[in-house]
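>>> Generate coordinates for the sequence data below:
(chains A and B)
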Amino acid sequence: MNFKAEVLEKKIINKPKYPRKSEAIYNTEAGRIQKRIILDKAAKILFLLSTLFALLVLAILIFRIGHQSVGWLSLKFLKGNLSIFPEKAGIYGVIIGSIRLMAVVAPVTIILGVATAIYLEEYASKGKLQAFINTNISNLAGVPSVIFGLLGLTVFGRLLNLGSSILAGGLTMSLLVLPIVVVASQEAIRAVPGFLRDASYAMGASKWATIRTVVLPVALPGILTGSILALSRAIGETAPLVVLGIPTLILKIPTSIMDDFTALPIQIYYWTLDTVLTAEYANLAAATIIVLLVMLFLMNSTAIFIRNKFQKRY
Amino acid sequence: MDKTVRVKDIIKKNINSNKNRQIEKIMPTLFFLAATISILTTIGIVSTLVVDAYKFFRQVPIKEVFSTKLAPLGSNPSFGILPLINGTVITSIIAMGVAIPIGLTAAIYLSEYASENCRKALKPIMELLAGIPTIVYGFFAYSFVTPLLMTIIPDLGAKNALSPGIVMGIMIIPLVASLSEDAMNSVPNAMREGALALGSTKLEVTIKVVVPAAISGIIASFVLGISRAIGETMIVVIASGSSKNFTFDVTKSIQTMTAYIVEFTSGDAGSGTLGYYSLYAVGLILFVFTLLMNLLARYISRRYREEY
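As a prediction, the model looks like this:
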């Protein structure tokens, strides 16, 4: 295409039989073609710029936050306990809180998500119920996270009396990211080729044996990738935890899932709000963001690694 | 011969084994129960919101709800929801003003202009941008974008509607871009080639052929973007403050529905007070808003999809 356009351009330039009046040139056939070509090129540059804008923002964001965290992000910060004095504060308990939260979210979402996907793909008859559950799941995926916070506050926090414990936060978060795991697992299970199932049945295996020994192992990379992406969403999600009333400045390191806790995004939130009082809190927030982003980066790279390394195409 | 007999035996044993049969019967039930969790979640959301919102609407006259005065903690509390809806609409409009043009043009570039290698390099960056937690965007809006905008608009407040709106738009760019790109990618190449063969430039092919053919997916991506903007919480909580004024001035602090919920739950509204119930009323309106948007997006992409 580009080559053709260039040839066309040359032809226009080499044939001076058209009038050369500069105002009139765009009214001629050749002039109009030239205008269209210029417009096309300008548009290409414009489109490229808006794509690069996203890249630029990402670069500024990381550079800026990294810059703010310089001098604050140290081993002492990672190992220390929370404190109201910026120079003494550390986020060891916060990191532990986030990890324990994930330790609740991961098994709950993976077990429920994969089981739901197996039901929808393997057992459910293609009918209204299956369509209903599918629609329901995609609607849930679009519900704002703050609403899940209200659900968690009412059901887990007050009704089941779990307060603002790790369990309450973890269950709320699990419901929030469940659709991601379900959809990813459904896709992974759907991608398992039919001949593998047929071969298993031909060998006399039952349905559950086929799912357990053939379908799930083949679908595992896809399921794991989806699960890690869901966890990386959960670890950065703030609104549901704030609504649940997860406090800040918890000095005790949580040891059981019924303990109160604080998590990385929560700590970022309160430190950001309190920059009005103490300017250095902005640096602490930035340093915590870097820790969060590094965790996210590690999780996402693991997901991509699993996807590339273990996913077979049939 | 010996072997065959043994396999037969094994099969017979397996078929007759009570345990295996029971597992075969139990597993589907277990999986079904897991699948009902998602339905229960929906029921849970709707019922918690409706029950407590009902308590709110029973006590507050509807005329007060649709007023512009919101003062939930005053001695004479007033619960007008219009300031919150106004705040949500304003920040969403700003966000979409950023996300639609940039997201769509980025999608056009990725789908129509970029080489395969270029696309492979740029798409992960878009995904990275989409994976950043909103709290990080909130911090970015408050500590970088607001001060930056202050150099241009001197009387911009430290908390305002403009900065979170813009950052929210940036957050939504990857969503709009990737969904629109998917829609444009599914336009068959034969249509592009036909237009190119007639002498169109790439821009003309894009504007006159590809975009119209993919319009249902593109519009659906916009609607989903709006839904994201309405439901977005942390950016507006941090960067737009909690002023409950009914104003169209984007340089002033405003509050969105989501921010109201966060402010009130992390504040000290005791269970059973009118303020506590107002949370659920706002939550219900928010839920209905986003649900309608999501359903609309699905309807558009189904109803107006052109099949090739």
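>>> What's the separation between residue A:99 and residue A:298?
According to C-beta to C-beta, to the nearest Å, residue A:99 stands 12 Å off from residue A:298. (Glycine included, C-beta is placed from N, CA and C.)
>>> Show the contacting residues for residue B:90.
Listed by C-beta atoms under 8 Å, 6 or more residues apart in numbering or on different chains, the contact set of residue B:90 reads B:161, B:165, B:248, B:250, B:254.
>>> Work out for me the element residue B:160 sits within.
Per DSSP states H and E, residue B:160 falls between elements, in no helix or strand.
>>> What is the neighbour count of the residue nearest to residue A:256 when sequence neighbours are not counted?
Closest residue in space to residue A:256, ignoring its immediate chain neighbours: residue A:166 at 7.9 Å, by C-beta to C-beta, 6 or more residues apart in numbering or on different chains. Residue A:166: 24 surrounding residues under other C-beta atoms under 10 Å in any protein chain shown.
>>> Tell me both backbone torsions, phi and psi, for residue A:166.
phi -60, psi -40 (degrees, to the nearest 10).
>>> follow-up on the earlier one: the contacts of residue B:90 into TSV, with extra columns for distance to chain A, pLDDT and secondary structure?
Shown next, in TSV, are these (distance: C-beta to the nearest C-beta, whole Å; pLDDT from 0 to 100; DSSP: H, G, I helix; E, B strand; the rest coil):
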residue	distance to chain A	pLDDT	secondary structure
B:161	18	88	coil
B:165	15	94	helix
B:248	24	81	coil
B:250	20	80	coil
B:254	17	87	coil
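>>> Adding neighbour count, write those residues out as a markdown table.
Conversion of the contacts of residue B:90 to a markdown table gives the following (neighbours: other C-beta atoms under 10 Å in any protein chain shown):
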| residue | neighbour count |
| --- | --- |
| B:161 | 29 |
| B:165 | 27 |
| B:248 | 10 |
| B:250 | 20 |
| B:254 | 30 |
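>>> and the residue nearest to residue A:256, what does it touch?
Neighbours of residue A:166 in contact, by C-beta under 8 Å, 6+ apart: A:97, A:100-101, A:104, A:254, A:256-259, A:261.
>>> In space, what's closest to the residue of the stretch 201-314 of chain A found nearest chain B - neighbours in sequence excluded?
The minimum distance from the stretch 201-314 of chain A to chain B, using C-beta to the nearest C-beta, falls at residue A:236 (2.7 Å). Using C-beta to C-beta, 6+ apart and skipping residues adjacent in sequence, the residue nearest residue A:236 is residue B:133, 2.7 Å away.
>>> do the same with residue B:179
In space, residue B:179 is closest to residue B:221, 3.5 Å off (C-beta to C-beta, 6+ apart).
>>> Am I right that the one you found falls within a helix?
Yes - under the criterion used here (DSSP: H, G, I helix; E, B strand; the rest coil), residue B:221 sits inside a helix.
>>> Please tell me how far it sits from residue B:96.
For residue B:221, the distance to residue B:96 equals 11 Å [C-beta to C-beta].
>>> more neighbours, those two?
Neighbours were counted for residue B:221 and for residue B:96 using other C-beta under 10 Å; residue B:221 has more, 29 against 22.
>>> how does chain A divide up, domain by domain?
For chain A, automatic domain parsing gives the domain ranges A:2-69, A:76-310.
>>> do you know which of those domains lies nearest residue B:263?
For residue B:263, the closest of those is domain A:76-310, at 9.5 Å, according to C-beta to C-beta.
>>> Show me how far the closest one is from its chain's centre.
Distance of domain A:76-310 from the chain centroid (C-alpha atoms, centre = their mean, to the nearest Å) equals 10 Å.
>>> Can you give me the first-to-last residue distance of that domain?
With C-alpha to C-alpha, to the nearest Å as the measure, domain A:76-310 spans 38 Å from end to end.
>>> any idea how far residue A:190 is from the residue of the stretch 1-150 of chain A found nearest chain B?
With C-beta to the nearest C-beta, the shortest gap between the stretch 1-150 of chain A and chain B falls at residue A:144, namely 2.8 Å. For residue A:144, the distance to residue A:190 equals 28 Å [C-beta to C-beta].
>>> Settle it for me: which of the two has more neighbours?
A count of neighbours by other C-beta under 10 Å puts residue A:144 above the other of residue A:144 and residue A:190, at 25 against 12.
>>> mind listing what that one touches?
Applying C-beta under 8 Å, 6+ apart to residue A:144 gives the contacts A:239, B:230-233, B:258, B:286-287, B:290.
>>> Would you convert those into CSV that also reports distance to residue A:81?
Below are the contacts of residue A:144 laid out as CSV (distance: C-beta to C-beta, whole Å):
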residue, distance to residue A:81
A:239, 26
B:230, 39
B:231, 35
B:232, 32
B:233, 29
B:258, 32
B:286, 37
B:287, 39
B:290, 39
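>>> Out of those residues, which sit inside helices?
If you go by DSSP state H, the contacts of residue A:144 have A:239, B:230-231, B:258, B:286-287, B:290 in helices.
>>> neighbours around residue A:154, how many?
Residues near residue A:154, counting by other C-beta under 10 Å: 22.
>>> show me what contacts it?
Neighbouring residues of residue A:154 by C-beta under 8 Å, 6+ apart: B:48, B:52.
>>> again, only using 6 Å
Neighbouring residues of residue A:154 by C-beta atoms under 6 Å, 6 or more residues apart in numbering or on different chains: residue B:48.
>>> From residue B:141, how far off is it?
30 Å.
>>> just residue A:64 next, same as before
12 Å.
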